[in-house]
Each structure stands twice: as C-alpha cells, then as structure tokens.
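> What would the 3D arrangement of this be:
(one chain, ligands or ions: 1)
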Amino acid sequence: MRRLVIAVDCDDVLIPTAEAIINDYNDRFGTALELKDMYKPATLETWGTDDDDVAIERVYDFLRSEAHAAIVPEPEAVRAVKELAVRHELHLVTGRASFLEELTREMLNRYFEGCFTSIEHTNFIVSSTNVSARRSKGDVCKAIGANLLIDDHVQHGHSVLEAELERVIVFGDYPWNQNETLVEGMVRCHDWTGVLKEVEKLQRG
Ligand SMILES: [Mg+2]
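This next block holds a predicted model:
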C-alpha cells in the first residue's frame, strides 16, 4: 500500500461554510441569495451591490464573527479524515485568506487534532487590492509533494493537474461544480464514503 500525500480543501469539504455565509448575508442585507449565486460576480439583484469588493468585505465580517467560528464540521468528514490520517500524510490547502489562519488552526485542533501536517492558505477570494497574496493550489500542492487534491472547485483541480498531481476528487454536489466538465485525472465523489473508496483505489497504485 502506498502512503499518499493528500491535499484537503477546507470550506464545503470539511466544514459547511457556503450555506452559512449565504444565510448570514441574507439576514443582514435583506437579499435573497441562493447557493447558486455564491461564486458569481456581485450584482445589485443578487448581492445587493455590484461591487465585488463590497460583497467580499461583507462576507469577511461574517468570517471574523463568532457565528463563523461556531460552525461544526460534518461528522462524516471528521470520521473519514481521522481514518485517512492513520495511513496517509494530509495537508489542509484552503482558499481561505490569511487573516483566518488562527481560526482555521483552532478549528482543526478542536475537531481534527493531529491529522494535518501543514495548513496552507492560498487567498483565493480576496478584494482587488490584495490579489498579490493569492497562490495557486497547483503551486502549493506541488511544493508539498501532494499526489491528490480533494476540493469542491473544479478550477483548483485543473490547477493541480497542470502541476502534475495524479488525481483530483471533485467533492460534493454544489451548484458551482455541477455543470463543469471533468478531465482525465478528475473523479467526482458526492460524499466522504466515496472519497475513502477512491483513495483506497489510488493507494493500491
Ligand atoms: Mg472549498
């Protein structure tokens, strides 16, 4: 059996974040956002502003809040990650901005203690003044020597395949990944049971 280096995304893979963001945003701004609007450019009709930076700052206010810190990972994710960590080397590779480092570390310590070798923040969604902080998941995964990425965004899957990772698991049934065409090297898993099966196939080589 091979010992794999596995990069695991955080939001909407380990922990259900998008739904909480949308609910909080609608409560505070009187909008009617749905999950399908989550990664679309801001418009007055959806985000109540057509300025992406304004929408991002409003979301950041939620991400800094106690309510965000209180989100609990899915029990299925906790069980599966603990199982994977026994046999493989796991790294958290998240699109989260760097200002969430402490909160992310606390969440991992609370629910996934000892499971992750490193935590990599790639600043995927940042305001237009901060794009220089962004790192591609491909570059990060290559640097840590990952074989596999588990992520809900197909875009990151392309980035890591270009960096010559073997496999991408496109995780979950979300509006932002349903219509994407997968390329060779990508496989869809609807849940963590599916992920464990795919990892088992890969570790047999
Ligand atoms: Mg994610």
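> Residues contacting stretch 64-74 from elsewhere in the structure, which ones?
Contacts to stretch 64-74, defined as C-beta atoms under 8 Å, 6 or more residues apart in numbering, come from residues 14-17, 20, 24, 62, 99, 103, 106-107, 111-112, 192. C-betas here are computed from N, CA, C, even on glycine.
> one more time with 10 Å
Applying C-beta atoms under 10 Å, 6 or more residues apart in numbering, the external contacts of stretch 64-74 come out as 10-11, 13-17, 19-21, 23-24, 59-63, 78, 80-81, 99-100, 102-103, 106-108, 110-112, 191-192.
> Buried only: go through the residues you listed for me.
Neighbour counting by 16 or more other C-beta atoms under 10 Å classes 10-11, 13-17, 20-21, 24, 59-60, 62-63, 78, 80-81, 100, 107-108, 111-112, 192 among the contacts of stretch 64-74 as buried.
> Restrict those to those that also contact the ion, please.
Within the set of the buried ones among the contacts of stretch 64-74, contact with the ion (C-beta under 5 Å from the ion) is found for D11.
> Counting only helices, which of the buried ones among the contacts of stretch 64-74 make the cut?
20-21, 24, 59-60, 62-63, 78, 80-81, 107-108, 111, 192 (DSSP state H).
> how does the chain divide up, domain by domain?
If you go by automatic domain parsing, the domain ranges for the chain are 5-16+72-204, 18-69.
> Most tightly packed of these?
domain 5-16+72-204 (a mean of 18; mean count of other C-beta atoms under 10 Å).
> As CSV, the domains of the chain with mean pLDDT would be great.
What follows is these, written out as CSV (pLDDT from 0 to 100):
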stretch, mean pLDDT
domain 5-16+72-204, 96
domain 18-69, 97
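> near the ion, which residues of this structure?
Counting by C-beta under 5 Å from the ion, the chain sits next to the ion at D9, D11, D12, D152.
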